[in-house]
Structure formats: structure tokens, C-alpha cells
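In: here is my input; please provide its structure:
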Amino acid sequence: MRLLTGDQSNTNNTFRFVPYSIFAIGGVVLAEGFDQIRSIAWVHAWTVTDGVITQVREYFNTSLTVTRIGNAKGSDCAAISDPYCPFVWKSSLSGRVGKSLPGLVLAI
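Out: You can find the predicted model right below:
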């Protein structure tokens, strides 16, 4: 854990979060990146309200699929007309770390 938080004194082993892509869906900003040397893929999901980051979710070595539930202005689940929720964004870096990653769905 000290490696990921940057609290390690040896600078040769620091982990740098360098985004490969950034995507915004309403008030949620998604950034993904990878470190091929360490075989680590990561996704950050930031919730932004009135220009302020109010929530941060962090996923490591997980293939993330984002879907929207409800309409664009609220989370009225009755607005879902399809029998499934199509994805609006899907991480694309799982193949770059050279291993299979578990999948997770984030509903916004």
C-alpha cells in the first residue's frame, strides 16, 4: 500500500498515475491508465458537483463497465425501458496488462 500512496522513500519504486484516457458522463469523470511493468490497470471515477470533486472511486486490476440507470436528470429507475442496461463506457486497458481481469458494473 505504501507504493500506491507515494509514502515510500525509494523514488525508483513510486507508482505514477498517468491517465491513458479521460471521459465524462454527466457529473462523473472517468480516468483510466495502466502500468505495464507492474501489470496494473486502474480506473478512477470522480463525481463532480458544482465544480468540486465530491466522491472518488478507485478500481485496480478490474475491467469496469459503466451504465446509466434512469433518465439524465435523476435516478428514476422506472424510466428504464429496455430489459437490460446498455453500457455508456467500458474500460479498454485489460488487455494491456497481459492478464485477465474481473469485471465490475458501475451504475450511475
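
In: could you count how many residues lie near I108?
Out: Counted with other CB atoms under 10 Å, the neighbours of I108 add up to 17. C-betas here are computed from N, CA, C, even on glycine.

In: separation between it and K90?
Out: I108 sits 13 Å away from K90, going by CB to CB, to the nearest Å.

In: overlap of the contact sets of those two?
Out: V66 (CB atoms under 8 Å, 6 or more residues apart in numbering).

In: what about the helices in the protein?
Out: For the chain, applying DSSP state H gives helices covering 2-5.

In: below-threshold pLDDT in it: ranges please.
Out: 1-14, 70-85, 94-99 (pLDDT under 70).

In: G33 contacts I22, correct?
Out: No: if you go by CB atoms under 8 Å, G33 and I22 don't touch, sitting 9.6 Å apart.

In: these two: who's more crowded?
Out: G33 (18 against 12).

In: dump stretch 29-45 to CSV, restricted to CA.
Out: In CSV, the C-alpha atoms belonging to stretch 29-45 read as follows (Å, rounded to 0.1, in the frame of the first residue of the first chain):
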residue,chain,number,x,y,z
VAL,A,29,-15.4,11.8,-14.8
LEU,A,30,-13.7,8.6,-15.6
ALA,A,31,-9.9,8.3,-16.0
GLU,A,32,-8.1,5.1,-16.8
GLY,A,33,-4.5,4.1,-17.1
PHE,A,34,-2.0,1.3,-16.7
ASP,A,35,1.5,0.3,-15.7
GLN,A,36,2.7,-2.4,-18.0
ILE,A,37,5.8,-3.1,-16.0
ARG,A,38,3.8,-3.9,-12.8
SER,A,39,0.8,-5.4,-14.7
ILE,A,40,-1.6,-2.9,-13.1
ALA,A,41,-4.6,-1.3,-14.7
TRP,A,42,-6.6,1.3,-12.9
VAL,A,43,-9.8,3.3,-13.3
HIS,A,44,-10.8,6.4,-11.2
ALA,A,45,-14.4,7.6,-11.1
